[in-house]
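Colleague: sequence unknown, structure follows:
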């Protein structure tokens, strides 16, 4: 395997994906939709549960809410096994809320609206700050731990750069597929970071174990050999998790799909960065005298 020698090709693949994500963000910003489709949890708004009392078509319900509120993307999630739905929309005034209730009642006479909750901008701002802070704290903790474990700050640095790659790929997925950014976003991000760093540490451990088997100037050979020795483990672990999350995506309700899709993308990105990115970055961070 020539992972390190082909690092530019692997970097190029990642760069293309990330650039497509940024292009999607700019496109939606130009349309006035925002870079991401933020949920009420992140922007503030109104959420309520609606028992329609009869069978319904979700597209028709979404169109009805859009016509009354003027909002292009209300979020509707079915409550499994019932005719109830959980609806999240941007903040509306009391007149619009009453008009919405009347319009829904006219189309669904047996409907009942309940559990109306207003999420303030202050609460949503705290949610955004918590997401950023949680990611930063996790990254710093991993950097310190890996640097101490391998007694090499470059190991920690390369692992964090590989995690940054995973974060950017996942953010690109949220932008491209317009996956709602809600409270599960934090869970997805931190889960993927933990999953990816575990695979990276396994490879770094093998690099350290192989230190005595290679000469000082055989750094590339050592990294490639270590990746090859752990490749089956990395792929099997990723596939096992991917099958499980994939089943959730295929069989789950929309709320679970919004969680499963970015998780699947993050698992693939984490496996890719562990195998193709992290070792190469470690090699690039080494001083020149250790490479020759």
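Modeller: Okay, I see it. As the structure is a prediction and not an experimental result, all values here were calculated from the model.
Colleague: what's the spacing between residue 47 and residue 20?
Modeller: Residue 47 sits 32 Å away from residue 20, going by C-beta to C-beta, to the nearest Å. Backbone N, C-alpha and C define where each C-beta goes, glycine included.
Colleague: what about the strands in the stretch 101-250 of the chain?
Modeller: 112-119 (DSSP state E, counting those that start in this stretch).
Colleague: which residues in it form helices?
Modeller: In the stretch 101-250 of the chain, the helices defined using DSSP state H, counting those that start in this stretch lie at 121-150, 153-176, 183-209, 219-251.
Colleague: if we can go back for a sec, so which of residue 47 and residue 20 has more stuff around it?
Modeller: residue 47 (18 against 13; other C-beta atoms under 10 Å).
Colleague: Give me the below-cutoff pLDDT ranges for this structure.
Modeller: Residues of the chain meeting the criterion pLDDT under 70: 120-125, 127, 289-292.
Colleague: what residue of it is the furthest out?
Modeller: Distance to the chain centre peaks in the chain at residue 215, reaching 40.2 Å (criterion: C-alpha atoms, centre = their mean).
Colleague: Kindly reformat the helices of the stretch 101-250 of the chain as JSON lines containing mean neighbour count and distance to residue 94.
Modeller: Output for these, formatted as JSON lines (neighbours: other C-beta atoms under 10 Å; distance: least, C-beta to C-beta, whole Å):
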{"stretch": "helix 121-150", "mean neighbour count": "14", "distance to residue 94": "18"}
{"stretch": "helix 153-176", "mean neighbour count": "21", "distance to residue 94": "33"}
{"stretch": "helix 183-209", "mean neighbour count": "19", "distance to residue 94": "26"}
{"stretch": "helix 219-251", "mean neighbour count": "16", "distance to residue 94": "39"}
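Colleague: Pull up the gap between residue 128 and residue 36, please.
Modeller: 11 Å.
Colleague: typo on my end, it should be residue 49
Modeller: As judged by C-beta to C-beta, residue 49 and residue 36 stand 25 Å apart.
Colleague: thinking residue 150 is in contact with residue 206, fair?
Modeller: No: Residue 150 is not in contact with residue 206 according to C-beta atoms under 8 Å; the separation is 11.8 Å.
Colleague: hmm, back to that, what about the residue farthest from the centre of the chain? Give its phi and psi, please.
Modeller: Main-chain torsions, residue 215, degrees, to the nearest 10: phi -70, psi 170.
Colleague: Quick one: residues contacting residue 39.
Modeller: Shown in contact with residue 39 (C-beta atoms under 8 Å, 6 or more residues apart in numbering): 75, 88, 180, 181, 182, 183.
Colleague: 6 Å instead, please
Modeller: Residues near residue 39 by C-beta atoms under 6 Å, 6 or more residues apart in numbering: 180, 181, 182.
Colleague: Could you pick out the buried ones from those?
Modeller: Neighbour counting with 16 or more other C-beta atoms under 10 Å marks 180, 181, 182 as buried within these.
Colleague: Pull the contacting residues for the second one.
Modeller: For residue 181, the residues meeting the contact criterion (C-beta under 6 Å, 6+ apart) are 36, 38, 39, 42, 174.
Colleague: Could you list the residues in contact with stretch 193-200?
Modeller: Applying C-beta under 6 Å, 6+ apart, the external contacts of stretch 193-200 come out as 138, 142, 159, 162, 163, 166, 234, 270, 274, 278.
Colleague: distance of the third one from residue 286?
Modeller: Think residue 159. Taken as C-beta to C-beta, the span from residue 159 to residue 286 is 14 Å.
Colleague: swap in the fourth one?
Modeller: Counting by C-beta to C-beta, the gap between residue 162 and residue 286 amounts to 16 Å.
Colleague: Then the last one?
Modeller: In this structure, residue 278 and residue 286 are separated by 13 Å, where distance is defined by C-beta to C-beta.
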